[in-house]
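Chemist: Sharing a model prediction with you, sequence too.
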Amino acid sequence: MLIFEDDIMLREMYTKKFLDSGFEVLAMPDASNAVADAKKNKPDIILMDIIMPKIDGFDATKNLMSDPQTSHIPILIVSNLGDPATIQKALWFGAKDIVVKANLTPDQLVKKTQAVLAGKPSEYILNPKLIEVLHIDTQSRPQRK
């Protein structure tokens, strides 16, 4: 598992919780090298924050989904943003699901991660009409290779 989280306290808490739950974890403070990190470490899943220095989680997700060597890796967005625009952008750019950090305990995040790994669909549905209304650039959607 790769975790991209700039908040050191959350990064350390998530790392400990996932290690204690039997996951192999590599946690990074930013996603500037997300594609290279994913190619090198071959994670089963990626947990991605949105607001980070250098590159945000949306761009990192787009980059991962656009690369044939990483486009198969499920991405779970873990953010404090949970508004409809953020949810739609996350799904549009290729994330499997999105959760709001403040709404989940570490145990619940582990369960949500396991659900994504098991292929359980998101409770959210990509809405192309909402993408248009929210003025999300439809040309920027990654083409999975």
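Modeler: Sure thing, it's come through. Residues are numbered from 1 along each chain as shown.

Chemist: now the helices for the protein?
Modeler: With helices called from DSSP state H, the chain shows them at 8-20, 34-41, 57-66, 84-92, 106-117, 128-133.

Chemist: which secondary structure elements does the second one contact?
Modeler: Counting by 3 or more C-beta pairs under 8 Å, 6 or more residues apart in numbering; DSSP states H and E, the packing neighbours recorded for helix 34-41 are strand 2-4, strand 26-28, strand 46-48, helix 57-66. Yep, even glycine has a C-beta here, placed from its N, CA and C like the rest.

Chemist: closest to F18 out of those?
Modeler: For the helices and strands packed on helix 34-41, the distance to F18 is smallest for strand 2-4, at 7.5 Å, taking C-beta to C-beta.

Chemist: That closest one pairs with which strands, and in what direction?
Modeler: Neighbouring strands of strand 2-4 in its sheet, by DSSP bridges, are strand 26-28 (parallel), strand 46-48 (parallel).

Chemist: Not counting it itself, show me its contacts.
Modeler: The contact list for strand 2-4 (C-beta atoms under 8 Å, 6 or more residues apart in numbering) reads 11, 14-15, 18, 25-28, 30-31, 34, 37-38, 41, 43, 45-49, 52, 57, 60.

Chemist: Please identify the deepest-packed of the strands paired with strand 2-4.
Modeler: Most buried of those by mean neighbour count (mean count of other C-beta atoms under 10 Å) is strand 46-48; its value is a mean of 26.
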